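In: Curious how this folds, go ahead:
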Amino acid sequence: MSETQQVYRIKGMDCADCARTIEAGVARLDGVDTCTLNYAAARLTVEGDISPEAVTERVRALGYAVDDGTGDAAEAAPGYLAWLPEQGVGGFVRYLLSRRATAFALLGALLILPGLIFVELLPMLGLSSPLFNITSLAALLVAGYPIARSAWQSLRINHRITINLLMTIAAVGAVVIGAYTEAGLVMVLFAIGEALEGYTMERARQSIRSLMEVAPAEAL
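Out: The predicted model follows:
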């Protein structure tokens, strides 16, 4: 196969560190000469003697997706979410529910509420139950699974320590010392923060694409 330039549109990135992870992972493939990822445009450019299948497989192994080129890169919300507004808080909830990883973050936020309310915010009520620890651990597992998986894939493929790995270690350490609510809360907040950053960037990309569509092809 001759050396060519290939361009892919990447889905599932929530932060600039995600772009660096993909860029480093694809660059390690045999046959890749140069690899650059424009996070703002979500475009991965690869040059070298490498098949598209190998690039796509590596991107998926790192926990992200490649757009098939048949439509917009933005992940459309399922039909049952059509009642939610596309802007504001409703738009963010719609975004959370449209992807598995971000939906896990939302579920984790709901599970952490009992421990947050009765253990952290209102301990003076004297309400204590093992259920609070159980829901906090469930929140940690649900919200933390995509983060821990991404951390492991980056460490295994790229041999690189990321913020996801550091957050996972911090959460595990909190569990070891018995701070179950803190462990769940730190992971949920991190997951929600990542999702908010991804939602904001996706809205910016949509705005840029809309402007490009109305731009005239010719001008005098």
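In: Could you list every helix and strand in contact with the lengthiest helix in the chain?
Out: Longest helix in the chain, counting residues (DSSP state H): helix 180-214. Contacts defined by 3 or more C-beta pairs under 8 Å, 6 or more residues apart in numbering; DSSP states H and E place helix 180-214 against helix 88-98, helix 100-115, helix 130-153, helix 163-176. Every C-beta, even on glycine, is put in place using the N, C-alpha and C of the backbone.
In: residues of that helix that come out buried?
Out: Neighbour counts using 16 or more other C-beta atoms under 10 Å place 180-192, 194-196, 198-199, 201-203, 205 of helix 180-214 among the buried residues.
In: Report the separation between residue 196 and residue 109.
Out: 12 Å (C-beta to C-beta, to the nearest Å).
In: Report the inter-axis angle for the longest helix of the chain versus helix 163-176.
Out: On the basis of axes from the mean of the first three to the mean of the last three C-alpha atoms, to 10 degrees, helix 180-214 is oriented at 160 degrees to helix 163-176.
In: Please state the offset of helix 180-214 from the chain centre?
Out: Relative to the chain's own centre, helix 180-214 is displaced by 8 Å; criterion: C-alpha atoms, centre = their mean, to the nearest Å.
In: closest one to residue 14 among the helices and strands packed on helix 180-214?
Out: Ranking the helices and strands packed on helix 180-214 by proximity to residue 14 (C-beta to C-beta) places helix 100-115 first, at 8.0 Å.
In: Contacts for the closest one next, please.
Out: 12, 93, 95-97, 131-133, 135-136, 138-140, 142-146, 180-181, 184-185, 187-188, 191-192, 194-195, 198 (C-beta atoms under 8 Å, 6 or more residues apart in numbering).
In: please redo it, this time with the cut-off set to 6 Å
Out: Helix 100-115 is contacted from outside by 96-97, 132, 135-136, 138-139, 142-143, 146, 181, 184-185, 188, 191-192, 195, using C-beta atoms under 6 Å, 6 or more residues apart in numbering.
In: Check stretch 14-34 too.
Out: By C-beta under 6 Å, 6+ apart, the list of residues contacting stretch 14-34 reads 13, 35, 37, 39, 46-50, 54-55, 58, 62, 64, 154, 157-158, 163, 194, 197-198.
In: If burial is judged by neighbour count, which of these pass?
Out: Buried members of the contacts of stretch 14-34, scored by 16+ other C-beta under 10 Å, are 13, 35, 37, 39, 46, 48, 50, 55, 58, 62, 64, 154, 157-158, 194, 198.
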